[in-house]
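In: next one to model:
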Amino acid sequence: MFSPNAFDGLENLQELHLNYLYFNVLATKALDIFRAYNSLKVLNLGGNAIQDDITHDQLCLIASLETIDLSENRIYSLPQSFPCNPKLKTLLLNNSSPVWPSVGINLVKTCHNAPTLNILDASSWFIQVGSCTCPKLTTLNLNEIEIWNFIAGTEVTVPNLQRLHMANLQISSEFMYAQNIIKTVLNTFKSQSLQFLDLHSNPISAIGKEEAMLLVNLTWLDLSNNQLVSLSTLQNLNHEDGVPRYDAYVIYHGQDEDWVDGELLANIEEGEEPFRLCLKTRDIRAGRLILNELSLHIQRSRKVIAILSPHFVDDNWCHFELNMAHRRLLEENPNVLIFILLEELPQRRLTLLLRQLFCRVLCLKWPADGYGQYLFWQCLREELKRPVPLDRRYQI
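Out: Residues are numbered from 1 along each chain as shown. I've put the predicted structure just below:
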């Protein structure tokens, strides 16, 4: 497929993308051609269904490489010395795990051999974990790995780690009962810089005090598709005998608080037919576990109102609360959730979830004229009166 002189005259080539050409076994032949090309920084062979051994000479002798993409392949084996490129910053091996499960990635060796590594994606691989330091690593993707071999007391020190993805982990029932997933992950990967943690689609059922303290500094936390119900939440719901305490829980950004106080509260909580709204800044007591309290107050509210604005769209915490409300929508029906649109939002700024919800839930646009605002409040009051099916109100 590649003749020896196929790339003659390209000695100064810095990036080579040969992805999704379905080279299969022959793709590795391309590596032999570029061993002498010391200018090559980016090598992308992703999506080629490679089923072959990759040798030391093919990868390790290209000393200039900074990015290697071998994702979406079926590699038989990697050289024991891999990664072995002194300037390597990005290594993508996701969905390219070997045919033989005994062949995996040794995280200790990886961090030692590639001290400049910034991004590592080893999703679906067998990972050998041991205590080590990865000084430059900022993004680590270990989705769908087996977590049973994480040994208690093992610490991977990653002082600059900002994003950690560990979704849909392969967890044995013995491990699930013996250890807490959140504590295991965060006690293994030690970082004071962690901002983004993705733990979706894992069997996480509760978050206690110790776990909450580990999560307190995050700006983004994805726990979607888990069974997040703490014992205290169930006890509180049972204590209330299933009777909602609030007519609606309100999700909004702090920059829109003037509208919430001056318009929403003035027109909905006051008047001839007052409704009781739940605001996290007013009704959630300080000192409680915030994740448990949010879940509890959303469940105790008949409806959820989301105040959409540019501030809301750009805020991770607003999206986290909306995800929690979305779970109730899935369990019950679309009239649980109400959108209030303070101003038009370009489609390109909306997340996939927001675009999907716009097609399913009631959306009221805040008008500029007085009569329009009168009709707006009439519509909102009527929607708040609409019942939620009693037999499904507190499904968990």
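
In: apart from its neighbours in sequence, what residue is nearest Arg300?
Out: Distance criterion CB to CB, 6 or more residues apart in numbering; nearest residue to Arg300, sequence neighbours excluded, is Arg245 at 4.5 Å. Where you see a C-beta, it was placed from the backbone N, CA and C, and this is true even at glycine.

In: I'd like to know how many residues surround that neighbour.
Out: 15 (other CB atoms under 10 Å).

In: hang on, Leu16 in a helix?
Out: No: under DSSP: H, G, I helix; E, B strand; the rest coil, Leu16 falls outside any helix and is assigned strand.

In: list the beta-bridge partners for it.
Out: Beta bridges link Leu16 to Leu43 when assigned by DSSP bridges.

In: just how off-centre is stretch 195-203 within its chain?
Out: How far stretch 195-203 lies from its chain's middle: 6 Å, per CA atoms, centre = their mean, to the nearest Å.

In: got a list of contacts for it?
Out: Outside stretch 195-203, the residues that touch it by CB atoms under 8 Å, 6 or more residues apart in numbering are 143, 162-169, 171, 176, 181-182, 185-186, 215, 217-227.

In: show me where the stretch 201-350 of the chain dips below the pLDDT cut-off.
Out: Applying pLDDT under 70 to the stretch 201-350 of the chain flags the ranges 205-210, 212-213, 216, 227-243, 285-292, 328-334.

In: ranges for the helices of it?
Out: Using DSSP state H, counting those that start in this stretch, the helices found in the stretch 201-350 of the chain span residues 209-215, 231-239, 257-259, 266-268, 280-283, 290-299, 310-313, 316-331.

In: quick one, what contacts the residue nearest to Arg300?
Out: So Arg245 contacts 276, 278, 300-301 (CB under 8 Å, 6+ apart).

In: repeat that for Leu354.
Out: The contact partners of Leu354, taken as CB under 8 Å, 6+ apart, are 308, 313, 322.

In: equivalent analysis for Val260, please.
Out: By CB under 8 Å, 6+ apart, Val260 lies in contact with 250, 252, 279, 307.

In: again, only using 10 Å
Out: Val260 sits next to 250, 252-254, 266, 277, 279, 281, 305, 307, 340 when contact means CB atoms under 10 Å, 6 or more residues apart in numbering.

In: would you agree Leu223 is in contact with Met166?
Out: No: at 11.6 Å, Leu223 does not count as touching Met166 under the criterion of CB atoms under 10 Å.

In: neighbour count for the two, which is higher?
Out: The neighbour count for Leu223 versus Met166, taken as other CB under 10 Å, is higher for Met166 (25 against 22).

In: that one reaches Ile147, doesn't it?
Out: Yes: between Met166 and Ile147 there is a contact at 7.7 Å, judged by CB under 10 Å.

In: find the residues that touch each one of these two.
Out: With CB under 10 Å, 6+ apart, Met166 and Ile147 have common neighbours 181, 184-185, 188, 202.

In: in helices, which of these fall?
Out: Secondary structure defined by DSSP state H assigns 181, 184-185, 188 of the shared contacts of Met166 and Ile147 to helices.

In: go through the residues you listed and name the one nearest Thr133.
Out: Checking those against Thr133 with CB to CB, the nearest one is Thr188 at 13.1 Å.
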